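turn this into a model:
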Amino acid sequence: MPAACILSTTGRRALKARKGKPRIPCPRPASILIKKNLTFLHKLVYTINMTRQNIIQPEFDWASIPGQKYDITSKSVFRAFPQDVARYLMNEPTVKFVEFIDSELPLVETREMDILMKMEIRGTLTLVHFEIQAGESTHQRMVRRTVGYIGRGYEKHGLPIRSHVIYLRPGAGRNDPGVYTQSDPGYRIHIEYQVIRLYELDGQSVLDAANVGLIPFAPLMQPPADTEGIAWVQQCIEATRGLPLAPLSRPDYLTSLGILGGLAHEPNAIGALIPKEVRMESGFYRLMQEEARQSVEAETRAKVEEETRAKIEAETRAKLTAEMEETTAKMRQQVAHEAAVKSILTVLDARFQSVLVQGLKPAIEQIEDLQNLDQLHRTAIVAPNLEAFTETLVQNGNH
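Reported below is the predicted structural model:
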């Protein structure tokens, strides 16, 4: 049979044998591609939304009250009963409350006094300032702050000013001198303010006087000799019965007492003294409960985001590594395949120097198994003629 006929038959038979075995994978369905290509953001948002639905709503923990809430609670009591509080703490029984005034002071960085009131003291309009300190503060810092308030308060309002620093927590403020002195001749400055440490005050006298403005602070004061701990807080709560608490509601009033008392006594033990139905009627309590819920949700969301991000990144790295390894293996296979085909054609061209050699290339390339190509390379070296090699090639194509 002529070589040209053999070649033609070989090509057709080899191609027919390999038909239905394409080397390029078929495209995947669109739905699979969409799922595969979900972005990191899609997965993260989905996981967070699912987790939010399962977040346990926390019960309010009296022991976890943020520090600024003591400041806010104290201010609310001061604003509800300004005259009662001022008369007791200033020891001025005839002082008359006039109005609250703007406590923001002129600074590049805005500073605001805790409580600033205009009051009439023995016929003279006077500014009365209370600064509330829940915990300890270095005396240098508190002196500088208070003296600054006094100076800027006078600068803005031009009235006499009486300034006070109230320390709520037991033991706080022991080193606050309540005075600033500059003794340079010709530049002498002497500024005083009153330091009030609640734990040094007699709590029973506040209860006996039924001072509605001070009773929420009474748990922080000195109890009677025969009463201590949570029993003193219970006594303070009992003292509120029948008192005119307006403008605060009884739930808000008791909640304020409970929050402030937590600075000196076990917070959750105080919470147990105030019935839950009373607490739930307090707008202040509900606000803190909502803030606690949002805090837990934010912490949970952040944790879920971090865990989800780490998990997706790990999965992505593993997937990319697998794909890179697979791609590298395919590239190596392709390079080895191309080298094997080239070697066979080089041997055939060198031995037989026939234009028909390149016509065999498509059939040789259809053989993917490297071992078969290696065997075919050996055949190319020892075959007596091109026709003999072609017959061997046809047999390989049929396997």
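
CA only for contacts and neighbour counts going forward, please
OK.

surely His377 meets Ile344?
Yes. With contact defined as C-alpha atoms under 8 Å, His377 reaches Ile344; the gap is 5.0 Å.

got the confidence number for Glu59?
At Glu59, the pLDDT value in this model is 53.

again with the one 10 residues further on
pLDDT recorded at Lys69 is 76.

any idea how far Thr255 is from it?
To Thr255, Lys69 is 12 Å away according to C-alpha to C-alpha, to the nearest Å.

show me the contacts for the closest residue in space to Gly261 that isn't next to it in sequence.
Spatially, and ignoring its direct neighbours in sequence, Gly261 is nearest to Pro219 (5.1 Å; C-alpha to C-alpha, 6 or more residues apart in numbering). Pro219 makes contacts with 203, 232-233, 236, 257, 260-261, 264, as judged by C-alpha atoms under 8 Å, 6 or more residues apart in numbering.

tell me which entries of those lie within strands.
With strands taken from DSSP state E, there is no overlap with the contacts of Pro219.

out of these, which are inside helices?
Taking DSSP state H, the ones among these that sit in helices are 203, 232-233, 236, 257, 260-261.

rewinding a little: closest to Ile115 among the contacts of Pro219?
Of all the contacts of Pro219, Leu260 has the smallest distance to Ile115: 17.1 Å, by C-alpha to C-alpha.

OK, contacts around the closest one?
Leu260 neighbours (C-alpha under 8 Å, 6+ apart): 70, 73-74, 216-217, 219-220.

go again with 7 Å.
Residues near Leu260 by C-alpha atoms under 7 Å, 6 or more residues apart in numbering: 70, 217.

state the distance from it to Tyr167.
For Leu260, the distance to Tyr167 equals 12 Å [C-alpha to C-alpha].

and for Tyr149, nearest residue in space, chain neighbours not counted?
Nearest to Tyr149 is Met113, by C-alpha to C-alpha, 6+ apart, at 7.1 Å.

what is the neighbour count of the one you found?
By the criterion of other C-alpha atoms under 10 Å, Met113 has 18 neighbours.

cool, the one 10 residues further on as well?
If you count neighbours by other C-alpha under 10 Å, Gly123 ends up with 10.

offset the numbering so it begins at 52, please.
Okay, using 52 as the starting number, the last item reads as Gly174.

any low-confidence regions in the stretch 202-351 of the chain?
Of all residues in the stretch 202-351 of the chain, none has pLDDT under 70.

give me that answer again for 90
Across the stretch 202-351 of the chain, the ranges flagged by pLDDT under 90 are 202-207, 226, 279, 292-294, 296-303, 306, 310, 318-319, 322-323, 325-351.

so Val149 is in which element?
Counting by DSSP states H and E, the element that carries Val149 is strand 147-151.

name the SS class of Glu182, please.
At Glu182 the chain is in strand, as set by DSSP: H, G, I helix; E, B strand; the rest coil.

what sits against the closest residue to it other than its chain neighbours?
Excluding its sequence neighbours, the residue lying closest to Glu182 (C-alpha to C-alpha, 6+ apart) is Val216, at 4.7 Å. Residues counted as contacts of Val216 (C-alpha under 7 Å, 6+ apart) are 181-183, 245-247.

farthest-apart pair in those, please.
Pairwise over the contacts of Val216, using C-alpha to C-alpha, the maximum falls at Ile183 and Gln245, 12.1 Å.

just the helices in the stretch 302-450 of the chain please.
Secondary structure of the stretch 302-450 of the chain (DSSP state H, counting those that start in this stretch): helices at 318-324, 327-331, 334-403, 412-416, 421-433, 437-448.

which residues does Leu178 bridge with?
On the basis of DSSP bridges, Leu178 is bridged to Lys169, Ile212.

how many neighbours does it have?
For Leu178, the tally of surrounding residues (other C-alpha under 10 Å) stands at 25.
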